[in-house]
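pasted the sequence and its predicted model underneath.
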Amino acid sequence: MLKKINNLILLIIIMTQTISCQEKASKNTNSFQIDKKEIFYNDKKIHLGMPIEEFAKIVNSEYRVAKYSIPGRKDKIWTWKDGGEAYVNESGKIKYYNVNINDESLEKEYNSIEELVQKVGKYENFKEEKVSGQEQIFYVWEKLGFNVAVHDNTVGQINLYPIAFTKRETEYKLRIPGPPMPESDDYILTDDKTDVENYQVMLERQPKTEFKGTFSYDGNTADFAKIGYTDYNKMVKDLHIEGSSYDPPGDSKGWGRKIWLSYDNCLIDIRRYNNDGKTIKDKVGKIDGVLSIEIWRFTDEDRK
């Protein structure tokens, strides 16, 4: 009898250890935590500015590198005494606006500066600024649903994506000669090839799998395996970031949450997406959820 009891106790101990090991193995397999002025991934300390190679070792999962270049350019800017300002936009047109005059008939695109001058008068100042080209690098953890913007081979910004990019945008396609293509919610026809190029760039740096891990702030956790496409308010409640003490202090459908951390000038930018009134809603269904969680450094100018 005593032998049977000892065997039973041993079996219980083995089962308890097995369950404990299973729980430990399954816990925090894709978890970001902000706690006690530190950032963690799966309980291992990380920080903005750390070498990307060290971050990759901590994540310990397969990733790919997405690179693309932004060419240099020359910005042309004209200013007027009354507060008017004009610049050359991406379409090569002159775009005019005036902070002191609310006149939509003037604030439009012009083919040349001469055409604009005929409307608003001679400008006071003109300057041309050269903007250097730059290379953008993202490490993309495809299966985990996040990427990292890399600056000077260090972690610049961490981006978690609970909603796939393709569920909140439609594809851009270049309009071609011949019979027009039928209308569709799946794509937007454009005459500007840069629209198509920009869309492809965005797709390239996006993980194909949505973030279904956990995100914790000051001991409160939002589990994105349980938060759906319409659970933005559940996320706010789970993280205990309701109320006027958080920025912005309301619950407008167009607002997310910004949590300014005093240490390391770190910002947690929780972006909300609501597809009310958008044609893509017919394709993907109702969405009112967390578009992304972005962890990045801010400057005093960013906070204004």
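All right, it came through fine.

I'd like the average pLDDT over stretch 174-187.
Per-residue pLDDT over stretch 174-187 has a mean of 75.

list the contacts of that stretch.
170-173, 189-191, 193, 196, 279-280, 282-283 (C-beta atoms under 8 Å, 6 or more residues apart in numbering). (Glycine included, C-beta is placed from N, CA and C.)

before we move on, what about stretch 37-57?
Contacts of stretch 37-57 (C-beta under 8 Å, 6+ apart): 28-34, 58-59, 63, 139, 148, 150, 153-158, 261, 263-264, 266, 295-297.

what is the burial count for the nearest residue to residue 284 once chain neighbours are set aside?
In space, and not counting its chain neighbours, residue 284 is closest to residue 167: 4.7 Å by C-beta to C-beta, 6 or more residues apart in numbering. Neighbour count for residue 167, taken as other C-beta atoms under 10 Å: 17.

please apply the same query to residue 159.
The burial count for residue 159: 22, using other C-beta under 10 Å.

can I take it that residue 258 is in a strand?
Yes - the assignment for residue 258 is a strand, going by DSSP: H, G, I helix; E, B strand; the rest coil.

and it, how far is that from residue 294?
Remark: distance between residue 258 and residue 294 (C-beta to C-beta, to the nearest Å) = 10 Å.

give me the common contacts of the two.
Common contacts of residue 258 and residue 294 (C-beta under 8 Å, 6+ apart): 267-269.

closest one to residue 212 out of those, please.
Proximity of the shared contacts of residue 258 and residue 294 to residue 212 (C-beta to C-beta) peaks at residue 268, which lies at 18.8 Å.

beta partners of the spatially closest residue to residue 221 that is not a sequence neighbour?
Closest residue in space to residue 221, ignoring its immediate chain neighbours: residue 214 at 5.3 Å, by C-beta to C-beta, 6+ apart. Applying DSSP bridges to residue 214 yields these beta-bridge partners: residue 31, residue 223.

what is the burial count for residue 214?
If we define neighbours as other C-beta under 10 Å, then residue 214 has 21 of them.

before we move on, what about residue 94?
Counted with other C-beta under 10 Å, residue 94 comes out at 21.

wait, it sits on residue 106?
No - using C-beta atoms under 8 Å, residue 94 is not in contact with residue 106; the gap is 11.8 Å.

residue ranges for the helices of the stretch 151-300 of the chain, please.
Using DSSP state H, counting those that start in this stretch, the helices of the stretch 151-300 of the chain run over residues 193-205, 232-239, 281-284, 300-303.

and the furthest pair within the contacts of stretch 174-187?
Largest pairwise distance in the contacts of stretch 174-187, by C-beta to C-beta, is 27.5 Å, between 193 and 282.

residue 218: what's its closest spatial neighbour, skipping adjacent residues?
residue 35 (6.3 Å).

tell me if I'm right that the one you found and residue 219 touch.
Yes - judged on C-beta under 8 Å, residue 35 makes contact with residue 219 at a distance of 6.6 Å.

so what's the nearest residue to residue 296 once chain neighbours are set aside bridging to?
Closest residue to residue 296 apart from its sequence neighbours, by C-beta to C-beta, 6+ apart: residue 157 at 3.9 Å. Beta bridges link residue 157 to residue 149, residue 296 when assigned by DSSP bridges.

ok, residue 157 touching residue 149?
Yes - the pair residue 157 / residue 149 is scored as a contact, 4.1 Å apart, by C-beta under 8 Å.

so what sits against both of these two?
Here residue 157 and residue 149 have residue 296 as joint contacts, going by C-beta under 8 Å, 6+ apart.

sorry, back to before: the residue nearest to residue 218: what's it in contact with?
Residue 35 sits in contact with 216-219, where contact means C-beta under 8 Å, 6+ apart.

who's it bridged to?
Beta-bridge partners, per DSSP bridges, of residue 35: residue 38.

equivalent analysis for the one 10 residues further on, please.
Under the criterion DSSP bridges, residue 45 forms beta bridges with residue 40.

and residue 118, that's in a helix?
Yes - membership of residue 118 in a helix is supported by three-state DSSP.

and it, how many neighbours?
10.

mind checking how far it is from residue 48?
Taken as C-beta to C-beta, the span from residue 118 to residue 48 is 50 Å.

next: residue 270.
As defined by C-beta to C-beta, residue 270 lies at a distance of 17 Å from residue 48.

those two: who's more crowded?
Comparing residue 270 with residue 48 by neighbour count (other C-beta under 10 Å), the higher total belongs to residue 270, at 26 against 19.

any idea how far residue 236 is from that one?
For residue 270, the distance to residue 236 - C-beta to C-beta - is 8 Å.

need the overlap of contacts for those two.
residue 257.

what is the neighbour count of the residue lying closest to residue 289 once chain neighbours are set aside?
Closest residue to residue 289 apart from its sequence neighbours, by C-beta to C-beta, 6+ apart: residue 229 at 4.6 Å. Residues near residue 229, counting by other C-beta under 10 Å, number 20.
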